[in-house]
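Q: Show me the folded form of this:
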Amino acid sequence: MKRHDERYFGSYGGRYIPEVLRPAFEELERAWESARSDEAFWLEFERLCGDYIGRPTPLYPAGNLSRDLGGIRVYLKLEGLAHTGAHKINNALGQALLAKRMGKKRVIAETGAGQHGLATAAVAARFGLECEVFMGEVDMARQHPNVFAMRTFGATVTPVHDGSRTLTDAVNAALKNWTERIADTHYVLGSALGPHPYPGMVARFQSVIGIETRRQIMEREGRLPDAIYACVGGGSNSIGIFGAFLADDVSLVGVEAGGSGSEAGMHAVRMGGKARVGVVQAYKSYFLQDGDGSLLPTHSVSAGLDYAGIGPQLASLGDSKRIRFIEASDEEAISALRRTARAEGILPALESAHALAGLFREAGSLDKGRLVVVNVSGRGDKDLFITAPILERSDWMAFLERELDSLRTQALAEASLGQARVKRPRLDGEPS
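A: Here you go, the predicted model:
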């Protein structure tokens with residue numbers, strides 16, 4: 001019998017790497033093969049999922065939204081209650097354990113919304129690893145609270161000035177840096193994409209979401225859900241929850257970033273017929289490309305969905321129609337965020353708000369009593385500097401102006417005090 005080639009999902013995936021990275025990937029593949037069959041590795045992972053991440057995360061019955069949506073029964077998988085505020089910590093923890101297993105002293109990561117960078121910085125601090133996170137300067141500006149948090153954990157955050165200066169370019173910068181530090185560095189890739197073994201490895205670490213959800217919904221309802229909605233950027237949160245239900249009669253709906261329009265550069269919709277198959281960043285999948293194969297610019301109000309490609313397993317499942325892909329616009333995501341906050345007292349991340357927007361749009365066509373789960377992959381406090389200017393611009397601007405005035409006043413006072421200390425002569429006998 002021919003052995004299944006784990007490098008591919010249908011015709012997608014693979015490992016199209018430069019020769020300089022071959023030793024690193026061969027080392028990683030050997031370590032992963034050893035770790036995933038090692039019971040002690042998984043016992044340690046599960047222990048830290050509980051003690052450090054705070055798993056299991058709740059599966060919350062959203063009663064108010066259920067009533068508002070006409071009687072469908074909505075559950076929210078609250079990954080935002082995991083340590084560092086999103087699902088990204090699951091994979092970061094697993095890869096940190098793998099890095100320690102390989103004897104690495106340093107980890108690097110790419111990040112868009114900042115949640116993967118934050119998670120990597122946190123686990124690096126936990127395990128005593130040097131950490132550098134590459135982040136497009138556009139994303140650094142719109143996600144500065146996460147930049148601050150990463151630095152507080154001790155990570156170096158390196159701005160990426162190339163291309164669109166967002167997630168796609170951060171991946172390129174991280175790969176380039178890895179070629180220069182292979183011996184002591186592990187690249188903690190943040191989504192279920194990239195060259196083998198990353199797609200399958202990341203999906204395995206994120207599978208805790210779906211495994212928990214399946215157990216929790218069976219305990220509460222005695223049956224599986226009728227549908228599951230999840231946002232899709234690269235795809236780690238979506239394949240993480242979908243994976244446990246692929247063999248079941250459960251509708252799986254991936255919601256992509258419709259952005260602000262249908263023209264190139266105004267969205268990040270790959271599976272709606274707007275992307276082309278290509279090999280980019282060392283794996284084969286759907287990418288937003290022009291006729292010459294160059295990546296097109298993308299846009300989303302959510303930095304985590306602002307990516308030109310999609311994970312190879314999701315591409316294959318989309319082709320086979322096992323996952324149905326829809327899109328939600330920036331405006332719909334903002335509306336869904338506000339609606340969820342006011343109905344349930346839950347502030348979803350902008351990425352997760354796309355999944356909620358997808359459900360809200362389709363709720364009218366769902367029969368009363370249908371059981372639906374939405375993966376709320378992160379919480380929305382990280383998006384404050386994006387959402388506040390949209391939802392209450394004048395009050396937010398007034399707050400920022402007051403803060404700036406206060407900081408300027410404080411800086412002037414400190415400068416004056418410093419000058420006074422320099423100018424005032426020290427009295428005889430006064431301690432220095």
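Q: can you map out the helices along the stretch 1-150 of the chain?
A: 22-36, 39-48, 63-68, 88-101, 115-127, 137-142, 144-152 (DSSP state H, counting those that start in this stretch).
Q: of all those, which lies closest to residue 284?
A: Closest approach to residue 284 among those is made by helix 22-36 (15.6 Å; Cβ to Cβ). For glycine as for every other residue, the C-beta is placed from the backbone atoms N, C-alpha and C.
Q: okay, the helices of the stretch 1-150 of the chain in a markdown table with mean pLDDT next?
A: Shown next, in a markdown table, are those (pLDDT from 0 to 100):
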| stretch | mean pLDDT |
| --- | --- |
| helix 22-36 | 96 |
| helix 39-48 | 98 |
| helix 63-68 | 98 |
| helix 88-101 | 98 |
| helix 115-127 | 97 |
| helix 137-142 | 87 |
| helix 144-152 | 93 |
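Q: and these, which is most packed in?
A: Sort these by mean neighbour count, taking mean count of other Cβ atoms under 10 Å, and helix 115-127 sits at the top with a mean of 27.
Q: Using CSV, list the CA coordinates for it.
A: Extracted in CSV, the C-alpha atoms of helix 115-127 (Å, rounded to 0.1, in the frame of the first residue of the first chain):
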residue,chain,number,x,y,z
GLN,A,115,-1.7,37.9,18.9
HIS,A,116,0.8,35.3,17.6
GLY,A,117,3.7,37.6,18.4
LEU,A,118,2.3,38.2,21.9
ALA,A,119,1.8,34.4,22.5
THR,A,120,5.3,33.6,21.2
ALA,A,121,6.9,36.3,23.4
ALA,A,122,5.0,35.0,26.4
VAL,A,123,6.1,31.4,26.0
ALA,A,124,9.6,32.5,25.2
ALA,A,125,9.7,34.3,28.5
ARG,A,126,8.2,31.2,30.2
PHE,A,127,10.9,28.9,28.8
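Q: what about residue 246, how many neighbours?
A: Neighbours of residue 246 under the rule other Cβ atoms under 10 Å: 14.
Q: do residue 178 as well
A: So residue 178, with other Cβ under 10 Å, has 18 neighbours.
Q: Surely it touches residue 24?
A: Yes: the pair residue 178 / residue 24 is scored as a contact, 6.6 Å apart, by Cβ atoms under 8 Å.
Q: what sits in contact with each of these two?
A: The contact sets of residue 178 and residue 24 overlap at residue 187 (Cβ atoms under 8 Å, 6 or more residues apart in numbering).
Q: surely residue 41 meets residue 32?
A: No: in terms of Cβ under 8 Å, residue 41 does not count as a neighbour of residue 32; the distance is 10.1 Å.
Q: how near is the spatially closest residue to residue 189 that is not a sequence neighbour to residue 343?
A: Closest residue to residue 189 apart from its sequence neighbours, by Cβ to Cβ, 6 or more residues apart in numbering: residue 198 at 4.8 Å. Distance check for residue 198 against residue 343: by Cβ to Cβ, to the nearest Å, it reads 37 Å.
Q: Mind checking which of the two has more residues around it?
A: Taking neighbours as other Cβ under 10 Å, residue 198 and residue 343 compare with residue 198 leading, 27 against 17.
Q: Need the per-residue pLDDT for the more buried one.
A: pLDDT recorded at residue 198 is 97.
Q: Report the beta-bridge partners for residue 253.
A: Using DSSP bridges, the bridge partners assigned to residue 253 are residue 229, residue 324.
Q: correction: residue 348
A: Assigned bridge partners for residue 348, using DSSP bridges, are residue 379.
Q: pretty sure it is touching residue 357, no?
A: No: in this structure residue 348 lies outside contact range of residue 357 using Cβ under 8 Å: 10.0 Å.
Q: got any residues that touch both of the two?
A: Joint contacts of residue 348 and residue 357 (Cβ under 8 Å, 6+ apart) are residue 336.
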